[in-house]
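Q: Sequence first, predicted model second:
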Amino acid sequence: MNELKKFLEKKGVEYAPFDPKRAPKILETLKIPFLKPKVIHIVGTNGKGSTGRFLALMLHQQGLDVGHFTSPHLFSIEERFWRNGKNITLETLENAFLEFDLTLLKEASYFEILTFLALKVFGECDYLVLEAGLGGEFDSTTTCVKRDLTLFSAIDIDHQEFLGESLESIAKTKLNAMAKKAILGIQSHFEVIRIAQKIAQEKQIELEILDIQSISPSIKEYCKKHHYARFQEENLALAYSGFKALGFDMNLKELKALDLQGRAQQIAPNIWVDVLHNPNGARAILKNFSKEKYILVYNSYLDKNPKEILKILKPIIKRVEIIEISSSRRIPKMQLEDILRGLDLEFTDFCNIKKDEKYLVCGSFCVVAEFLKRR
């Protein structure tokens with residue numbers, strides 16, 4: 001294990017309690033040269049990764065030097081650092097990390113360290129597509145970086161332990177990350193739109209609000225061509241609007257395929273995997289897979305409301321097969337089984353794939369990663 005991985009492992013969990021002063025104070029001592037990039041900030045609950053990558057691909061196809069910082073990863077930390085069509089190598093990340101005075105990173109969280117590393121390795125790019133972590137106004141990607149444009153993907157309830165229990169609290173925290181120019185993607189809750197309009201008016205921000213009409217025939221055609229789930233139409237519409245707001249345009253027929261794993265991805269004729277981990281993600285999957293029944297290969301973190309997720313997905317579940325995951329955050333198996341009994345869902349342990357059955361694998365990044373490792 002290299003020094004970067006060892007250092008991060010000692011940090012433990014990815015996020016620490018928010019302290020908006022901590023990351024900027026540490027960053028100032030690190031003295032990272034961050035000279036060129038225009039920064040497009042991606043904030044939201046669901047769809048951040050796909051939106052950011054669609055935009056990064058568009059910009060790169062214009063001949064620009066483009067970095068994309070995303071999270072979390074399925075297998076290895078390099079997945080979070082994409083530049084011009086491929087992940088930055090672990091060796092490059094390690095060398096950049098070792099240029100830091102590591103004593104200055106003692107108080108930084110896992111995610112903050114990766115934010116600093118992104119600013120270092122992407123400092124010479126023309127554009128940096130910078131995905132927020134779980135937060136908004138207090139996220140290190142917000143407090144440490146001057147942003148040129150903010151794109152807000154779907155906002156819903158998630159990470160209540162950090163962001164508050166209500167949709168209003170969560171939306172305010174995320175939407176307060178607005179740069180002077182922002183685009184609000186298609187939303188399921190009018191309350192999110194109302195809060196966004198109020199913040200934009202108070203801060204005199206130029207805000208564009210997308211709706212279902214923003215999904216053009218060319219977007220639908222592109223997603224159909226690549227067999228993407230319908231929610232990717234919304235993510236692509238937001239990315240394309242951001243692309244045009246930056247002064248560019250392109251024929252979407254020429255856009256390359258999305259190169260992120262685990263986003264409603266069909267990996268075999270009878271197997272789909274998706275990293276959904278909250279009720280909003282479950283509703284999007286239900287909408288896309290509503291015509292058939294699937295064996296759900298599933299597990300969950302305790303704090304991810306598995307009862308509500310399973311309740312939403314129940315109409316498309318033929319049977320649940322529980323896959324073991326190695327995480328201290330996972331729900332105790334007996335508790336998960338009690339939830340399944342309460343919902344009157346048949347369940348068993350996951351063993352293998354049968355060719356004559358259709359499978360949907362979801363519950364978290366950890367679940368998808370474990371399944372893909374076994375494959």
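A: Thanks, I have the structure now.
Q: Spit out the contact partners of N2.
A: Contacts for N2 (Cβ atoms under 8 Å, 6 or more residues apart in numbering) come out as 90, 94. All C-beta spots, glycine's among them, are computed from the backbone N, C-alpha and C.
Q: for the stretch 251-375 of the chain, what spans make up the strands?
A: Taking DSSP state E, counting those that start in this stretch as the test, the strands found in the stretch 251-375 of the chain are 265-268, 271-273, 294-298, 317-322, 347-349, 359-362.
Q: Pull up the distance across stretch 210-229, start to finish.
A: 19 Å (Cα to Cα, to the nearest Å).
Q: try stretch 296-313
A: 9 Å.
Q: how far out from the middle of the chain is that stretch?
A: 18 Å (Cα atoms, centre = their mean, to the nearest Å).
Q: related to what we said a few turns ago, could the strands of the stretch 251-375 of the chain go into a markdown table alongside mean neighbour count and mean pLDDT?
A: Listed next are the strands of the stretch 251-375 of the chain as a markdown table, based on neighbours: other Cβ atoms under 10 Å; pLDDT from 0 to 100:
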| stretch | mean neighbour count | mean pLDDT |
| --- | --- | --- |
| strand 265-268 | 15 | 94 |
| strand 271-273 | 21 | 97 |
| strand 294-298 | 23 | 98 |
| strand 317-322 | 19 | 98 |
| strand 347-349 | 13 | 98 |
| strand 359-362 | 24 | 98 |
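Q: Show me the shaky parts of the protein.
A: Residue ranges of the chain with pLDDT under 70: 1, 159-162.
Q: ok so, going back, could the strands of the stretch 251-375 of the chain be laid out in CSV, adding distance to D211?
A: Formatted as CSV, the strands of the stretch 251-375 of the chain follow (distance: least, Cβ to Cβ, whole Å):
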stretch, distance to D211
strand 265-268, 27
strand 271-273, 28
strand 294-298, 30
strand 317-322, 31
strand 347-349, 39
strand 359-362, 27
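Q: quick one, what contacts the nearest residue to F243 once chain neighbours are set aside?
A: Excluding the flanking residues, the one nearest F243 by Cβ to Cβ, 6 or more residues apart in numbering is M58, at 4.7 Å. By Cβ under 8 Å, 6+ apart, the contact set of M58 is 239-240, 243, 248, 250, 255.
Q: do you know how far M58 is from L360?
A: Using Cβ to Cβ, to the nearest Å, one obtains 29 Å as the distance from M58 to L360.
Q: before we move on, what about F75?
A: From F75 to L360 the distance is 21 Å (Cβ to Cβ).
Q: Could I get the full set of strands for the stretch 51-200 of the chain?
A: Going by DSSP E, counting those that start in this stretch, the stretch 51-200 of the chain shows strands at 66-69, 81-83, 86-87, 127-131, 149-152, 181-184.
Q: closest to K354 out of those?
A: strand 86-87 (33.4 Å; Cβ to Cβ).
Q: Partner strands of the closest one and their direction?
A: strand 81-83 (antiparallel) (DSSP bridges).
Q: hey, where'd the helices end up in the stretch 201-350 of the chain?
A: Counting by DSSP state H, counting those that start in this stretch, one finds helices in the stretch 201-350 of the chain at the ranges 217-225, 231-245, 279-288, 306-313, 333-342.
Q: Out of those helices, which one sits most buried?
A: Most buried of these, by mean neighbour count (mean count of other Cβ atoms under 10 Å): helix 231-245, with a mean of 24.
Q: ok, and the closest non-adjacent residue to L105?
A: With sequence-adjacent residues excluded and distances taken as Cβ to Cβ, 6+ apart, L105 is closest to I113, at 5.7 Å.
Q: which ones are touching the one you found?
A: With contact set as Cβ under 8 Å, 6+ apart, I113 has these partners: 7-8, 11, 105.
Q: circling back: in TSV, list the helices of the stretch 201-350 of the chain along with distance to I353.
A: Formatted as TSV, the helices of the stretch 201-350 of the chain follow (distance: least, Cβ to Cβ, whole Å):
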stretch	distance to I353
helix 217-225	26
helix 231-245	24
helix 279-288	19
helix 306-313	19
helix 333-342	20
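Q: what's the closest of the ones you listed to G49?
A: Smallest distance to G49 across the helices of the stretch 201-350 of the chain (Cβ to Cβ): 8.7 Å, for helix 231-245.
Q: Remind me what that closest one packs against, helices and strands.
A: Contacts defined by 3 or more Cβ pairs under 8 Å, 6 or more residues apart in numbering; DSSP states H and E place helix 231-245 against helix 48-60, strand 149-152, strand 181-184, helix 217-225, helix 279-288.
Q: ok, R319 - contacts?
A: Counted by Cβ under 8 Å, 6+ apart, R319 has contacts 295-296, 345-348.
Q: Which one of those residues is nearest to G52?
A: L296 (27.7 Å).
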